[in-house]
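>>> let's see this in three dimensions:
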Amino acid sequence: MNKVSMLAVAVLLSSSAYTQRAPERMIDKSLITHKMQNLGKDIMTPEILWELGRVSAEGLSKDGKQLVFGVSNYNLGDNKSEKNLYVVPVSGGNAEVFTSSPGGESVIDITEQGDVVYLLAGQLWKKSLSGGEAMQLTDIEGGLSNVKFSPDKSHILFSRDVLIKDYHSTNKYKDLDKSNVYVYDNLDYRHWDSFNDGKFSHPFVARYNDGQLSELIDLLEGEPYYSPQAPFGGAEDYTWSPDSKAVLYVCKKKFGKDYATSTNTDIYRYDLGSNTTINLTEGMNGYDTNPTYSPDGQKLAWLSMKTDGYEADKNDLVVFDKSTNKRFNLTAEWDGTVNSYLWSKDNKKIYFTAPVKGTVQIFEVDLLMALKGRKGTSVKQISTGAFDISGIVGEVDGGFVVTSTTMTRAAEIYMYNTKSNTLSAITKVNDEIYAKLADTKVEGRFTKASDGEDLFSWVIYPPDFDPTKKYPTLLFAQGGPQSATTLGYSFRWNFQLMASQGYIVILPNRRGMPGWGEKWNADISKDWGGQSIRDYLSAIDDLAKEPYVDKSRIGAVGASYGGYSVFMLAGVHEGRFKSFISHCGLFDMTSWYGTTEELFFANHDLGGPYWDKTNEKTYTEYNPITHIDKWDTPIMIIQGGLDYRVPIGQGLEAFQAAQLKNIKSRLVYLPEENHWVLSGHNAQVWQREFFGWLKETL
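I've put the predicted structure just below:
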């Protein structure tokens, strides 16, 4: 056990109507510090991390007084996760077990009558919030997924995989049923962690009557398109019209090479009466997603990106007003990007979450003001604090029910009071575990980047941090590259865990991250090895000036673009780092371009293919493999066998080069993992190798 003498929780706040990167003089650098003694506490370990319950908000009762939430618990002995549902009063109180059947339940609907309809093992079940036995509603062969009921409950919308193409040999050659061969004539032959087997997820509509389905209609019958979107789309890609007469669905109606090089999803409206489909977002060329009607049914909102092929473009909030037959971009003049949104109950506002200055907060847009064309005055930040608001569950009297995290607390569900600007815990799933853990200090820090810009970083310190001592320090390189480093809580890259092993960890908000203005976010594209890498060096050089940082024991770690950053730093760091860890990093941009699957990403962020000489800098100066002659520092390389975003050759090439250069190096190969590490046992191995390597080399 470690003794903790002090906890200092740093709060860096900045509240304004716009998310803009302010000059240094406008940044509030004050630290609000709370101190407490933590004697005889445990430290976070990989095993404890996986004991934490993973909380998900499932829905609110219609009166807003009861919350249904899920908790997934991982059993390391069985190497399996089990999810159950619970009910708790929003006003506070003890949570009660709602479901306990083996498997994972997910709420589909909470009715006016107080019945919770949920999905378990592909079938629909119903149970009253007031108690009683659960009742199975459906027994459909093949099961259901992504279910949504029509408002009048007469129809059901769901998704199902449909065989469209005979890519696999057993489909193409029926007499060779023991063969295992894939045959392709086009791209999109594999995605994320799976080869395309010729099946495409399609939306289905059926008449629903007391658990019985009839008159099934495949809305994409015979078409090689995905809806929900592959690989991570879900029920958010569907919605019903308020009158139950039409379905809206998100789809990228492109195939093969066109599919792999485009982000142009559209929102389609299928009319049940006429069996006709129209494109509601014709001419909008980027991602159009998350369609949702206003409570009064008079307006339709969705999220929209402008540029085809740019997956990290500014995400705007768009509304179509039926009364005027006009479309409005509500956030066009606001310098930020929207994560998710929720209509206000009175139809006058839309609330949304967005990254801002190293956190994720709630914003609102005044719909009436925006629709009148009053530019630049309709968006206002509502919440501020040293936390992330990861999702808005619902609007209730006095504020919102939200999910929230910090860097040292996993997601729980809270009441956010808009008058007092405070969070009050509704769920307390992990309180008992955290009460036994030594706290860690988290601070915000500003650095001058090499180009004179203000560069913000989060810094997390070990328990019992003593500024008179010296500590080994880790630079964390974020992936994305346009992913925000905020106060989120990760079960993979957990900074509380890293700090608890005795390391100071710095997380720079380098170029490319949302939350500091659209330009800051966009500046990394086609400049992967440029200013963002210099930002990392500026941040670690500044922190290294502190007397408590052991300059002889600094390491750099990261995954994906963060892994690329580690490979780049290995060739340009000029002795700053003593050890490196790269997980699924891009090592050779030429071979990566030739094997990755979402080519729209490579085309936008790298500039295009390696044979186009206008992109030469990407494949030479900004290509880690071209700096291998300067590699001289121990490096551990982690690679997933099912990672098709950054395929296996990248990790193997880097490891082989390090070995042949006689650099102390280690390969950690996870044959059953993709771009992430999802298995509990594999994650434990990952953590042991991660910290074992650091102990060995740092």
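>>> can you tell me, leaving aside adjacent residues, what's nearest to the residue nearest to the spatial centre of the chain?
With distances taken as C-alpha atoms, centre = their mean, Ser483 lies nearest the centre of the chain, 8.3 Å away. In space, and not counting its chain neighbours, Ser483 is closest to Met513: 7.0 Å by C-beta to C-beta, 6 or more residues apart in numbering. Every C-beta, even on glycine, is put in place using the N, C-alpha and C of the backbone.
>>> ok, now how distant is Lys380 from Leu371?
Distance of Lys380 to Leu371, given as C-beta to C-beta, to the nearest Å: 16 Å.
>>> neighbours around Asp177, how many?
9 (other C-beta atoms under 10 Å).
>>> pretty sure it is touching Asn171, no?
No. The pair Asp177 and Asn171 does not pass the contact test of C-beta atoms under 8 Å, sitting 10.0 Å apart.
>>> torsion angles phi and psi at Ala539?
phi -70, psi -50 (degrees, to the nearest 10).
>>> what sits closest to Gln657 if chain neighbours are left out?
Quick fix: residue 657 is Ala, not Gln. Ile628 (5.2 Å).
>>> how much space separates the one you found from Leu698?
Counting by C-beta to C-beta - Ile628 and Leu698 are separated by 22 Å.
>>> over to Val685?
The value you get for Val685 to Leu698, if C-beta to C-beta is used, is 20 Å.
>>> ok, these two, which is more surrounded?
Under the criterion of other C-beta under 10 Å, the comparison of Val685 against Leu698 puts Leu698 first, with 21 against 14.
>>> and that one, what does it touch?
Each residue near Leu698 by C-beta atoms under 8 Å, 6 or more residues apart in numbering is listed here: Pro472, Arg553, Ile554, Gly555, Lys578, Ser579.
>>> of these, which is the most crowded?
When these are compared by neighbour count (other C-beta under 10 Å), Gly555 ends up highest, at 27 neighbours.
>>> got the contact list for that one?
When contacts are counted by C-beta under 8 Å, 6+ apart, Gly555 touches Pro472, Thr473, Leu474, Leu475, Phe577, Lys578, Ser579, Phe580, Ile581, Leu694, Thr697, Leu698.
>>> of all those, which two lie farthest apart?
For the contacts of Gly555, with distances taken as C-beta to C-beta, the pair at the greatest spread is Leu475 and Thr697 (14.6 Å).
>>> just name the shakiest helix or strand of the chain by mean pLDDT.
strand 2-4 (a mean of 33; mean pLDDT, DSSP states H and E).
>>> how far away is Gly555 from Leu694?
Between Gly555 and Leu694 the computed distance is 6 Å (C-beta to C-beta).
>>> what residues do those two have in common as contacts?
Joint contacts of Gly555 and Leu694 (C-beta under 8 Å, 6+ apart) are Pro472, Leu474, Ser579, Ile581.
>>> surely the second one is in a helix?
Meaning Leu474. No. Counting by DSSP: H, G, I helix; E, B strand; the rest coil, Leu474 falls outside a helix, being strand.
>>> give me the beta-bridge partners of it?
Val505, Gly555 (DSSP bridges).
>>> and for it, the neighbour number?
Using other C-beta under 10 Å, Leu474 has 28 other residues around it.
>>> tell me who's in contact with it.
Met498, Tyr503, Ile504, Val505, Ile506, Ile554, Gly555, Ala556, Val557, Leu694.
>>> where do the strands sit along the stretch 201-350 of the chain?
212-218, 238-240, 246-251, 266-271, 276-279, 288-293, 299-304, 316-321, 326-329, 340-343, 349-356 (DSSP state E, counting those that start in this stretch).
>>> need those in JSON lines with mean neighbour count, mean pLDDT and distance to Lys65, can you?
Listed next are the strands of the stretch 201-350 of the chain as JSON lines, based on neighbours: other C-beta atoms under 10 Å; pLDDT from 0 to 100; distance: least, C-beta to C-beta, whole Å:
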{"stretch": "strand 212-218", "mean neighbour count": "12", "mean pLDDT": "97", "distance to Lys65": "33"}
{"stretch": "strand 238-240", "mean neighbour count": "22", "mean pLDDT": "98", "distance to Lys65": "25"}
{"stretch": "strand 246-251", "mean neighbour count": "23", "mean pLDDT": "98", "distance to Lys65": "30"}
{"stretch": "strand 266-271", "mean neighbour count": "19", "mean pLDDT": "98", "distance to Lys65": "33"}
{"stretch": "strand 276-279", "mean neighbour count": "12", "mean pLDDT": "98", "distance to Lys65": "40"}
{"stretch": "strand 288-293", "mean neighbour count": "20", "mean pLDDT": "98", "distance to Lys65": "23"}
{"stretch": "strand 299-304", "mean neighbour count": "23", "mean pLDDT": "98", "distance to Lys65": "26"}
{"stretch": "strand 316-321", "mean neighbour count": "20", "mean pLDDT": "96", "distance to Lys65": "29"}
{"stretch": "strand 326-329", "mean neighbour count": "15", "mean pLDDT": "94", "distance to Lys65": "34"}
{"stretch": "strand 340-343", "mean neighbour count": "20", "mean pLDDT": "98", "distance to Lys65": "18"}
{"stretch": "strand 349-356", "mean neighbour count": "24", "mean pLDDT": "98", "distance to Lys65": "20"}
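>>> any chance of the ones you listed in CSV, plus distance to Ala435?
Below are these laid out as CSV (distance: least, C-beta to C-beta, whole Å):
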stretch, distance to Ala435
strand 212-218, 48
strand 238-240, 41
strand 246-251, 43
strand 266-271, 46
strand 276-279, 54
strand 288-293, 37
strand 299-304, 39
strand 316-321, 40
strand 326-329, 47
strand 340-343, 31
strand 349-356, 29
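>>> surely Gly529 meets Ile625?
No. With contact defined as C-beta under 8 Å, Gly529 does not reach Ile625; the gap is 11.6 Å.
>>> which of the two has more neighbours?
Using other C-beta under 10 Å, the more surrounded residue of Gly529 and Ile625 is Gly529, with 24 against 20.
>>> that one: what secondary structure?
coil.
>>> need the contact list for it.
Contacts of Gly529 by C-beta under 8 Å, 6+ apart are Met568, Glu621, Tyr622, Asn623, Pro624.
>>> for Thr486, same thing?
Pro355, Gly358, Thr359, Val360, Asp388, Gly515.
>>> at 6 Å what do you get?
Residues counted as contacts of Thr486 (C-beta atoms under 6 Å, 6 or more residues apart in numbering) are Pro355, Gly358, Thr359, Val360, Asp388.
>>> picking that back up, the residue nearest to Ala657 belongs to a helix, doesn't it?
Yes. When three-state DSSP is applied, Ile628 is found to be in a helix.
>>> just give the number of residues close to it.
Neighbours of Ile628 using other C-beta under 10 Å come to 20.
>>> distance-wise, check it relative to Gly530.
On the measure of C-beta to C-beta, Ile628 and Gly530 end up 19 Å apart.
>>> check His627 too.
Applying C-beta to C-beta to His627 and Gly530 gives a distance of 14 Å.
>>> buried residues of the helix ranked longest in the chain, list them for me.
Longest helix in the chain, counting residues (DSSP state H): helix 680-697. For helix 680-697, the neighbour count (16 or more other C-beta atoms under 10 Å) marks Gly680, Asn682, Ala683, Gln684, Trp686, Gln687, Phe690, Phe691, Trp693, Leu694, Thr697 as buried.
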